[in-house]
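# Here you go, sequence then predicted model.
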Amino acid sequence: MATVHKINEDLVKERQKCTFNVQELTYLLDGGEEVTKERREFENILRNVKELQDEVPEVYLSHKERYENAVRKTCILQNVRNDFEKKREVLSPRNIFRAGYAVIKDVSPFFLHNGMFVPTIIGQGTPEQQAEWLPKAKAMAIIGTYAQTELGHGTFIRGLETTATYDAKTEEFILNSPKVTSYKWWPGGLGTTVNHCITVAQLYINGKKYGIHPFIVQIRDLETHKPLPGIKVGEIGPKMGFATANNGFLGFQNFRIPRKNMLMKNAQVLKDGTFVKGMNEKLTYGTMVMVRVNIVSDSAFHTAMAATIAVRYAAVRHQSQLKAKEPEVQIIDYLTQQHKLFIAIATSHAFSNTYTWLYQAYLKVVEDLGKQKQDHLPELHALSCCLKATSSRDAGVIVEQCRLACGGHGYMASSNLPIIYGYTTAAITYEGEHTVLLLQTARYLMKAWMSALEGKVLAPSVAYLVDWLKSDKQRWQNTPEVIVKGFQHVAAGKIKDAFDAIQKHVKAGKDYEDAWNLASVQLIKASEAHSRAILCDGYLRETVRTSSSVSPSLAKVLNHLVQLYIVYWTLETAGDLLVYSNIGKDDIAVLKEKYEELLALIRPNAVGLVDAFDISDEILQSTLGSYDGRVYERLMEEAMKSPLNKEPVNQSFHKYLKPFIKKAKL
Ligand SMILES: CCCCCCCCCCCCCCCCCCC/C=C/C(=O)SCCNC(=O)CCNC(=O)[C@H](O)C(C)(C)COP(=O)(O)OP(=O)(O)OC[C@H]1O[C@@H](n2cnc3c(N)ncnc32)[C@H](O)[C@@H]1OP(=O)(O)O
Ligand SMILES: Cc1cc2nc3c(=O)[nH]c(=O)nc-3n(C[C@H](O)[C@H](O)[C@H](O)COP(=O)(O)OP(=O)(O)OC[C@H]3O[C@@H](n4cnc5c(N)ncnc54)[C@H](O)[C@@H]3O)c2cc1C
């Protein structure tokens with residue numbers, strides 16, 4: 001029988017102080033009681049699967065062993081999931097995504113299968129293609145990835161070099177990787193796991209180039225798993241994180257695939273080689289839009305994980321005295337510590353709320369596209385770009401801040417903060433590099449500004465530009481609503497400045513493209529300010545909306561969090577607000593006090609708030625963040641698992657140290 005340990009006394013006291021119903025908040029964050037129940041039930045089943053328990057912590061395994069262990073466990077996870085779904089409903093993607101962390105400590109080698117391979121078949125395939133590939137992909141009879149990036153190009157996908165040349169005689173495409181730079185590089189699972197992939201390649205028909213398109217390609221034999229003739233595939237080697245993601249490379253040499261393997265929901269190639277244009281060529285980029293939306297949700301979860309670890313640890317950890325002769329204090333009572341941590345909690349809520357409305361906006365665009373309507377696509381593209389960029393970047397900063405807040409122990413692998421940092425920061429680069437995505441949003445903002453100047457009606461997310469042009473700056477008040485307006489004024493001001501900078505360069509004789517490059521630092525600042533305005537506005541609106549449907553005690557706490565988020569960012573960007581809004585120095589002084597008040601109000605609920613994320617110990621995988629707070633015992637237990645502690649004297653002593661020391665004595 002498993003030993004039941006006492007809960008750390010500080011944590012017991014913290015939980016007694018909590019002023020709201022933790023369970024109520026968990027249901028709210030999950031999207032309903034039923035979702036929480038389903039999640040807990042599934043996590044509970046996984047907890048009891050003996051084969052999923054690691055005898056040796058993964059960190060001590062070799063690169064190869066780690067990968068093999070991850071594949072083994074992912075297969076078990078998939079089987080458990082299938083059994084679960086046979087008896088009950090299909091698990092929600094969020095729940096399966098979370099459970100994955102309990103099984104694979106790092107990133108699953110199947111990550112891209114569910115994350116991009118299946119969604120691309122859904123988003124880019126015709127009904128016939130979906131009927132052919134989806135059942136096999138969903139049942140995992142075929143396993144796939146998304147192979148777009150090449151050694152030479154990740155950002156500029158129009159520059160991809162893999163070619164798919166149509167041969168009308170055989171009704172096939174011939175895939176080739178003409179140069180080393182045209183090798184696919186990065187796709188998760190490609191190294192040694194998948195047998196299929198979506199390959200994005202330049203289409204050629206009768207010597208004419210038709211741009212990039214997605215193709216389904218089988219790359220390994222389904223029986224032997226050997227690469228098919230004409231395929232060169234392998235793993236790219238160790239990275240900063242993503243240790244078990246099995247990222248790979250792939251090259252083609254005259255590799256033939258049938259015509260029906262080009263995903264043809266948008267553009268088509270007919271049997272005779274006629275190219276039929278799609279409604280909008282950018283719809284080929286659709287999977288990326290979907291993943292960018294999901295990254296906002298991932299960022300919420302990664303921030304919640306780091307916050308849970310660091311807040312619980314800060315409640316358990318005592319260090320230094322505030323006053324002489326008094327006991328050492330819980331480090332969570334240092335205001336500087338609250339400053340580091342409470343924004344982590346609020347940020348996770350801000351991203352969850354943002355994801356809720358952004359995902360609805362995404363679904364609406366998908367529905368519209370089904371009716372051949374694409375009016376809202378540019379706005380969705382602009383929003384998904386800047387919110388992916390800002391949420392992943394903020395999450396990276398927050399996770400690192402949480403690590404620092406745990407002092408030396410945060411640096412331990414067993415805190416799990418290094419792994420969380422690895423996968424959080426990867427998202428800053430993948431699915432569209434940070435700066436590049438901010439610049440995509442900036443393109444949209446420049447057009448929006450021009451439309452505003454011309455008096456046109458703007459899309460809701462940029463409608464504030466019209467208000468800004470129409471009215472004088474509003475009289476400043478230190479209320480969340482007016483502060484949000486202030487963020488919009490900053491964004492509008494920076495958008496205008498960037499626009500004027502481009503115009504100035506153009507007037508001085510520069511080409512528009514050069515002028516764009518010369519103004520691009522201002523452009524990314526404008527995009528960042530726009531993101532912050534959107535995040536604060538959306539978070540405030542969602543909080544007001546949900547507050548009416550939850551208990552007054554919870555509504556109060558949610559209100560503290562959203563205010564904290566808004567005031568935190570006011571103080572962080574005070575310089576900008578002083579330039580672009582009517583805020584005064586005195587207002588900032590008042591807000592500094594307000595911020596300290598909010599920290600004090602949140603303090604009694606800090607542990608309750610991270611408990612409400614309801615991240616099980618199996619998912620957290622952290623010596624510092626477990627629910628029972630046995631921090632020191634767990635650190636010691638984990639240290640004892642080091643292979644170096646398995647023998648009293650390591651052989652290197654006899655081999656190297658002893659002769660070395662002897663020599664030194666002579
Ligand atoms: C507590 C909470 C719990 C939460 C639990 C969470 C649960 C969630 C579950 C889901 C989990 C899912 C996990 C997902 C897994 C993902 C794994 C990811 C691994 C990584 C994968 C990858 O990285 S794949 C490769 C990605 N690559 C990129 O992103 C490339 C980036 N580059 C581009 O996108 C483009 O090249 C470009 C946009 C930068 C430029 O393209 P292009 O040169 O063609 O265009 P232009 O710049 O000239 O612009 C022309 C015109 O087109 C418009 N446009 C561009 N893109 C789009 C688009 N996508 N849609 C619509 N329109 C587009 C652009 O705006 C221009 O318009 P103009 O009007 O001319 O200005
Ligand atoms: C962990 C991980 C997993 C990944 N998984 C996959 C996968 O499964 N499938 C897949 O296809 N790809 C994958 N990728 C690749 C990823 O999508 C690319 O790395 C990403 O899109 C960035 O492209 P890049 O590497 O070419 O960077 P580059 O574009 O070369 O960026 C280098 C620098 O140049 C700057 N830059 C580039 N273009 C511009 C511009 N127009 N204006 C201003 N600055 C610019 C960038 O800001 C950056 O600072 C993965 C990457 C990582 C790190």
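Here it is on my side, so go on. Since the structure is predicted, the reported quantities are computational estimates derived from the model, not experimental observations. Ligands and ions are numbered 1, 2, ... in the order given.

# ok, the closest residue to R317 other than its chain neighbours to L620 distance?
Leaving out its chain neighbours, the residue that sits closest to R317 by CB to CB, 6 or more residues apart in numbering is I331, at 4.8 Å. (Glycine included, C-beta is placed from N, CA and C.) Distance, I331 to L620, by CB to CB, to the nearest Å: 19 Å.

# now do P119
Using CB to CB, we find P119 at a distance of 28 Å from L620.

# nearest spatial neighbour of the closest residue to ligand 2 within the stretch 501-650 of the chain, skipping sequence neighbours?
Here the residue of the stretch 501-650 of the chain nearest ligand 2 is S520; by CB to the nearest ligand atom that distance is 6.4 Å. Spatial nearest neighbour of S520, chain neighbours left out: L439 (6.5 Å); criterion: CB to CB, 6+ apart.

# Tell me the first helix or strand C-terminal of the helix or strand harbouring W133.
Element membership of W133 [criterion: DSSP states H and E] is helix 127-138. Note on helix 127-138: by DSSP H and E, the next helix or strand toward the C-terminus is strand 144-147.

# Buried by neighbour count: which residues of the helix or strand that that next one is followed by qualify?
Where DSSP H and E defines the elements, the next helix or strand beyond strand 144-147 is strand 163-167. Neighbour-count burial for strand 163-167 flags T163, A164, T165, Y166 (criterion: 16 or more other CB atoms under 10 Å).

# And for stretch 627-646?
Quick answer for stretch 627-646 (16+ other CB under 10 Å): Y627, D628, G629, R630, V631, R634, L635, E638.

# And that stretch, end to end?
29 Å (CA to CA, to the nearest Å).

# what residues does that stretch touch?
5-8, 10-11, 56-57, 60, 312-313, 315-317, 409, 412, 414, 611, 616-617, 623-624, 626, 650 (CB atoms under 8 Å, 6 or more residues apart in numbering).

# make it 7 Å
Residues from elsewhere that reach stretch 627-646, judged by CB atoms under 7 Å, 6 or more residues apart in numbering: 5, 7-8, 10-11, 57, 60, 312-313, 316, 409, 412, 414, 617, 623-624, 626, 650.

# This structure: strands as residue ranges?
Applying DSSP state E to the chain gives strands spanning 144-147, 163-167, 172-176, 184-185, 196-205, 208-218, 231-235, 248-252, 255-258, 268-269, 275-276.

# is any part of the first one close to ligand 2?
Translated: strand 144-147. Yes - using CB under 6 Å from any ligand atom, strand 144-147 reaches ligand 2 at T145, Y146, A147.

# Can you redo those residues as TSV, where the extra columns are pLDDT?
As requested, the residues of strand 144-147 next to ligand 2 are exported to TSV (pLDDT from 0 to 100):
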residue	pLDDT
T145	98
Y146	98
A147	98
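
# Buried members of these into ChimeraX, please.
What follows is the ChimeraX syntax for the buried subset of the residues of strand 144-147 next to ligand 2, where burial is set by 16+ other CB under 10 Å:
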select :145,146,147
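
# ok, and which of the residues of strand 144-147 next to ligand 2 reach ligand 1?
Among those, ligand 1 is touched by Y146 when using CB under 6 Å from any ligand atom.

# quick one: which of the residues of strand 144-147 next to ligand 2 is nearest ligand 1?
Nearest member of the residues of strand 144-147 next to ligand 2 to ligand 1, counting by CB to the nearest ligand atom, is Y146, at 5.4 Å.

# Please list the residues of the stretch 401-550 of the chain that sit near ligand 2.
So the stretch 401-550 of the chain meets ligand 2 at A426, T429, Y430, E431, G432, E433, T435, V436, L439 (CB under 6 Å from any ligand atom).

# Which of these sits closest to F499?
Among those, L439 lies closest to F499 (CB to CB), at 14.1 Å.

# Pull up the residues of the chain that are close to ligand 2.
112, 145-149, 153-155, 186-188, 242, 247, 426, 429-433, 435-436, 439.

# So among these, which ones count as buried?
112, 145-149, 153-154, 186-188, 242, 247, 426, 430-432, 435, 439.

# Quick check: the residue of the stretch 151-300 of the chain nearest ligand 2.
G154 (2.3 Å).

# dump the residue contacts of L380.
Here L380 is in contact with V289, A361, Y362, V365 (CB under 7 Å, 6+ apart).

# What's the per-residue pLDDT of the third one here?
This points to Y362. pLDDT for Y362: 97.

# Which parts of the stretch 1-150 of the chain are helices?
Secondary structure of the stretch 1-150 of the chain by DSSP state H, counting those that start in this stretch: the helices cover 9-17, 22-30, 33-47, 63-87, 93-103, 111-112, 118-124, 127-138.

# ranking these by burial, who's on top?
The highest mean neighbour count among the helices of the stretch 1-150 of the chain, using mean count of other CB atoms under 10 Å, belongs to helix 111-112: a mean of 28.

# Only C-alpha atoms, please: export stretch 415-434 in PDB.
Taking C-alpha atoms only, stretch 415-434 is exported to PDB below (Å, rounded to 0.1, in the frame of the first residue of the first chain):
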ATOM      1  CA  SER A 415      11.800  21.000  -9.900                       C
ATOM      2  CA  ASN A 416      10.600  20.400 -13.500                       C
ATOM      3  CA  LEU A 417      11.000  24.100 -14.200                       C
ATOM      4  CA  PRO A 418      13.900  23.500 -16.700                       C
ATOM      5  CA  ILE A 419      11.700  21.200 -18.800                       C
ATOM      6  CA  ILE A 420       8.700  23.600 -18.600                       C
ATOM      7  CA  TYR A 421      11.100  26.400 -19.700                       C
ATOM      8  CA  GLY A 422      12.300  24.200 -22.600                       C
ATOM      9  CA  TYR A 423       8.900  23.700 -24.100                       C
ATOM     10  CA  THR A 424       7.500  27.100 -23.300                       C
ATOM     11  CA  THR A 425      10.300  28.900 -25.000                       C
ATOM     12  CA  ALA A 426      10.300  26.600 -28.000                       C
ATOM     13  CA  ALA A 427       6.800  28.000 -28.700                       C
ATOM     14  CA  ILE A 428       8.300  31.500 -29.100                       C
ATOM     15  CA  THR A 429      10.100  30.200 -32.200                       C
ATOM     16  CA  TYR A 430       7.900  27.500 -33.700                       C
ATOM     17  CA  GLU A 431       4.700  28.000 -35.600                       C
ATOM     18  CA  GLY A 432       6.000  31.400 -36.700                       C
ATOM     19  CA  GLU A 433       9.000  33.100 -35.200                       C
ATOM     20  CA  HIS A 434       8.100  35.800 -32.600                       C
END
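
# ok, it near ligand 1 or not?
Yes - shown here: stretch 415-434 in contact with ligand 1 (CB under 6 Å from any ligand atom) through Y430, E431, G432.

# and that stretch, average pLDDT?
pLDDT averaged over stretch 415-434 gives 97.

# What residues sit buried inside it?
For stretch 415-434, burial by neighbour count (16+ other CB under 10 Å) applies to 415-428, 430-432, 434.

# neighbouring contacts of it?
Residues outside stretch 415-434 that contact it (CB under 7 Å, 6+ apart): 105-107, 155, 240-242, 288, 291-292, 295, 298-299, 302, 305-306, 309, 385, 388-389, 392-393, 395-396, 399-400, 402-403, 406, 409-410, 620-624.

# How is this protein divided into domains?
38-113, 115-278, 287-460+478-611 (automatic domain parsing).

# ok, now how distant is A315 from H5?
17 Å.

# Spit out the contact partners of L322.
Here L322 is in contact with V329 (CB under 7 Å, 6+ apart).

# What distance do you get for it to ligand 1?
Distance of L322 to ligand 1, computed by CB to the nearest ligand atom, to the nearest Å: 34 Å.
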